[in-house]
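Enquirer: quick one, what's the 3D model for this:
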Amino acid sequence: MRLNLDMMDSYNNMRFHELLTIDEVAKYLRVKRRTIYEWVKKGKIPAIKTVGQWRFKKDRIDAWLDGK
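Expert: Numbers count the residues shown, from 1 in each chain. Alright, predicted model coming up:
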């Protein structure tokens with residue numbers, strides 16, 4: 001049983017640091033993709049550009065939401 005709890009903690013930790021795509025963060029925030037692109041362009045939302053694509057750390061999005 002302990003092994004399963006350790007695996008679950010590891011999975012939850014990975015999800016906490018996961019990178020979201022534009023589509024995923026739009027769905028998570030319940031806004032349109034266009035809105036996310038506008039927020040990125042204006043520097044209103046924490047984002048990372050990697051290999052020419054925008055990514056969003058879920059924990060930073062959650063912190064950003066808490067700060068609103």
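Enquirer: surely Phe56 is in contact with Leu19?
Expert: Yes. Counting by Cβ atoms under 8 Å, Phe56 does reach Leu19; the two are 6.7 Å apart. For glycine as for every other residue, the C-beta is placed from the backbone atoms N, C-alpha and C.
Enquirer: ok, the two, which is more surrounded?
Expert: A count of neighbours by other Cβ atoms under 10 Å puts Phe56 above the other of Phe56 and Leu19, at 24 against 14.
Enquirer: tell me the secondary structure of the more buried one, please.
Expert: Using DSSP: H, G, I helix; E, B strand; the rest coil, the structure places Phe56 in strand.
Enquirer: what number of residues lie near Leu20?
Expert: 20.
Enquirer: all helices for the protein, in order.
Expert: In the chain, the helices defined using DSSP state H lie at 2-16, 22-29, 33-41, 58-66.
Enquirer: list the contacts of the shortest one.
Expert: Put plainly, it is helix 22-29. Residues outside helix 22-29 that contact it (Cβ atoms under 8 Å, 6 or more residues apart in numbering): 20, 32-33, 35-37, 45, 53-54, 56, 58, 61, 65.
Enquirer: pLDDT and distance to Ala26 added to those, as JSON lines?
Expert: JSON lines is the format used below for the contacts of helix 22-29 (pLDDT from 0 to 100; distance: Cβ to Cβ, whole Å):
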{"residue": "Leu20", "pLDDT": "96", "distance to Ala26": "9"}
{"residue": "Lys32", "pLDDT": "98", "distance to Ala26": "6"}
{"residue": "Arg33", "pLDDT": "97", "distance to Ala26": "5"}
{"residue": "Thr35", "pLDDT": "98", "distance to Ala26": "7"}
{"residue": "Ile36", "pLDDT": "98", "distance to Ala26": "5"}
{"residue": "Tyr37", "pLDDT": "97", "distance to Ala26": "9"}
{"residue": "Ile45", "pLDDT": "97", "distance to Ala26": "11"}
{"residue": "Gln53", "pLDDT": "95", "distance to Ala26": "14"}
{"residue": "Trp54", "pLDDT": "96", "distance to Ala26": "11"}
{"residue": "Phe56", "pLDDT": "97", "distance to Ala26": "10"}
{"residue": "Lys58", "pLDDT": "94", "distance to Ala26": "13"}
{"residue": "Ile61", "pLDDT": "96", "distance to Ala26": "11"}
{"residue": "Leu65", "pLDDT": "94", "distance to Ala26": "14"}
